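>>> can't give you the sequence, but here's the structure:
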């Protein structure tokens with residue numbers, strides 16, 4: 001806590017920290033907007049094959065009042081398994097006999113159909129144009145839409161490797177990092193800038209190089225041992241933690257991103273649903289913090305992840321005609337995702353030693369982005385069943401709810417400062433269990 005003492009001198013939460021948080025929030029919001037845009041720019045509107053009798057310029061001559069648009073659609077487009085006009089096939093020839101409803105032609109053989117050779121007609125009441133309508137990414141080409149999302153998410157995986165280096169050009173360097181890397185004079189200058197921005201004018205006289213060296217003595221000694229990436233996997237307990245945390249974030253990312261970027265597939269008003277989900281984020285965050293602080297990190301995450309899987313299955317199972325019920329379930333699922341992410345993030349940060357936290361978060365972040373990148377590929381399975389991708393997302397959520405139970409509880413526990421703290425914690429808990437077992441045996 002040595003550096004915390006210096007922060008208290010320059011203002012623990014002043015104008016400088018608020019501006020830094022605001023800047024980081026803006027950066028995160030920009031990324032989130034690009035992810036959410038997929039629900040609008042890549043929306044798949046209702047569509048059917050282009051047919052001559054309906055969509056030709058002379059079709060109005062045919063529709064002279066004798067046959068309606070619905071009649072012409074009936075003789076041109078076959079019905080799918082849900083008794084709705086098929087989106088990907090049309091009759092080779094108009095089936096006039098289908099207009100007769102008396103069953104006279106019940107024994108007629110199945111008419112020949114063909115793919116949409118002349119393109120598609122799109123329903124444009126909600127979206128005038130999307131990437132799907134622009135390049136006909138439907139039916140046989142629908143896979144390309146998921147591939148494009150996959151490529152976008154791969155960019156999120158690659159971006160942090162480049163952004164981590166580029167960010168040093170715009171963000172002020174950490175005073176703590178400067179001090180522990182043998183640049184105490186620059187670190188002192190940064191601290192004085194922070195003090196000035198926070199209105200702590202008198203701290204300049206008391207904040208000297210001697211104060212910095214004395215306060216940071218233990219951290220300077222610890223910094224002589226440079227933590228490396230391999231240190232994450234060198235000791236058994238930390239290695240176990242990193243593996244479980246990577247698995248936790250991987251299993252969390254798949255349902256979270258799957259729901260977020262495929263919201264338009266849930267057959268509801270995507271504009272309204274996005275607003276409701278965003279509005280639910282604030283109460284969901286408070287509810288998550290309440291659970292985390294009162295019943296602990298492990299049980300809270302188990303409950304929230306299990307509830308996410310249940311709500312996701314309930315959402316896709318709800319009848320499309322019950323729009324109010326669908327809207328409520330979608331909103332609850334979106335709010336649940338925010339709660340799960342908050343619990344994951346808090347638990348991860350409390351389990352990683354301070355000296356190697358940045359590298360550990362980088363490794364765990366890679367696992368998160370790999371899960372996010374794989375998410376669009378599961379939606380390809382929708383060509384076999386519309387429910388199959390959502391079932392897979394829910395299964396990953398159910399798997400993820402058990403992982404926190406394998407990790408230590410961090411509620412009201414001190415943060416580990418070093419790798420040795422993690423190993424000692426494991427040895428201490430093991431020794432306590434052994435002593436408890438001995439007491440139970442000898443009590444008789």
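Yep, that arrived. This one's a predicted model, so the numbers in the text were calculated from it and none came from an experiment. Residues are numbered from 1 along each chain as shown.

>>> my guess is residue 370 meets residue 250, correct?
Yes: counting by Cβ atoms under 8 Å, residue 370 touches residue 250, with 6.5 Å between them. For the C-beta atoms, the positions are set from N, CA and C on the backbone; glycine is no exception.

>>> neighbour count winner among the two?
For residue 370 versus residue 250, the count of surrounding residues by other Cβ atoms under 10 Å is larger for residue 250: 22 against 17.

>>> right, and that one touches residue 372 too?
No: the pair residue 250 / residue 372 is not scored as a contact, 9.2 Å apart, by Cβ under 8 Å.

>>> next, residue 412: phi, psi?
According to degrees, to the nearest 10, the main-chain angles of residue 412 amount to phi 60, psi 20.

>>> report the separation between it and residue 350.
Going from residue 412 to residue 350 by Cβ to Cβ, to the nearest Å gives 10 Å.

>>> now the strands for the stretch 101-250 of the chain?
Counting by DSSP state E, counting those that start in this stretch, the stretch 101-250 of the chain has these strands, from start to end: 113-115, 120-122.

>>> tell me which helix or strand residue 363 sits in.
helix 357-378 (DSSP states H and E).

>>> please apply the same query to residue 90.
strand 89-91.

>>> tell me the mean pLDDT for that strand?
For strand 89-91, the mean per-residue pLDDT is 87.

>>> same thing with stretch 370-381?
90.

>>> stretch 241-251 too?
For stretch 241-251, mean pLDDT is 93.

>>> tell me which residues in that stretch are buried?
For stretch 241-251, burial by neighbour count (16 or more other Cβ atoms under 10 Å) applies to 241-242, 245-251.

>>> with stretch 412-419 instead?
By neighbour count with 16+ other Cβ under 10 Å, stretch 412-419 contains the buried residues 416-417, 419.

>>> which one of these sits closest to residue 327?
The shortest approach to residue 327 among the buried residues of stretch 412-419 belongs to residue 416, at 43.7 Å (Cβ to Cβ).

>>> just checking, that closest one touches residue 356?
No: using Cβ under 8 Å, residue 416 is not in contact with residue 356; the gap is 9.8 Å.

>>> quick one: the helix holding residue 363 to chain centroid distance?
10 Å (Cα atoms, centre = their mean, to the nearest Å).

>>> can you name every helix or strand that the helix or strand following that helix contacts?
For helix 357-378, the following helix or strand on the C-terminal side (DSSP H and E) is helix 388-400. Here helix 388-400 is seen to pack against helix 236-261, helix 297-317, helix 357-378 when contacts are counted using 3 or more Cβ pairs under 8 Å, 6 or more residues apart in numbering; DSSP states H and E.

>>> and the nearest residue to residue 387 once chain neighbours are set aside, how many neighbours?
Nearest non-adjacent residue to residue 387, counting by Cβ to Cβ, 6 or more residues apart in numbering: residue 316, 5.6 Å away. Close neighbours of residue 316, defined as other Cβ under 10 Å, add up to 21.

>>> can you tell me which of the strands of the stretch 101-250 of the chain is packed in deepest?
Highest mean neighbour count among the strands of the stretch 101-250 of the chain (mean count of other Cβ atoms under 10 Å): strand 120-122, with a mean of 17.

>>> helices or strands next to it in the packing?
Packed next to strand 120-122, using 3+ Cβ pairs under 8 Å, 6+ apart, are strand 47-49.

>>> following the strand it packs on in sequence, what is the next regular element?
helix 52-55.

>>> buried residues in that following helix?
For helix 52-55, burial by neighbour count (16+ other Cβ under 10 Å) applies to 53-55.

>>> and for stretch 317-324?
Buried, per 16+ other Cβ under 10 Å, within stretch 317-324: residue 318.

>>> so what touches it?
Here stretch 317-324 makes contact (Cβ atoms under 8 Å, 6 or more residues apart in numbering) with 267-268, 325-326, 329, 387.

>>> can you check stretch 140-147 too?
With contact meaning Cβ under 8 Å, 6+ apart, stretch 140-147 is reached by 42, 44, 88, 115, 131-132, 135, 137, 376-377, 379-380, 382-383.

>>> stretch 273-285 now?
36, 39, 263, 266, 327, 330-332, 334-336, 338-339, 342.
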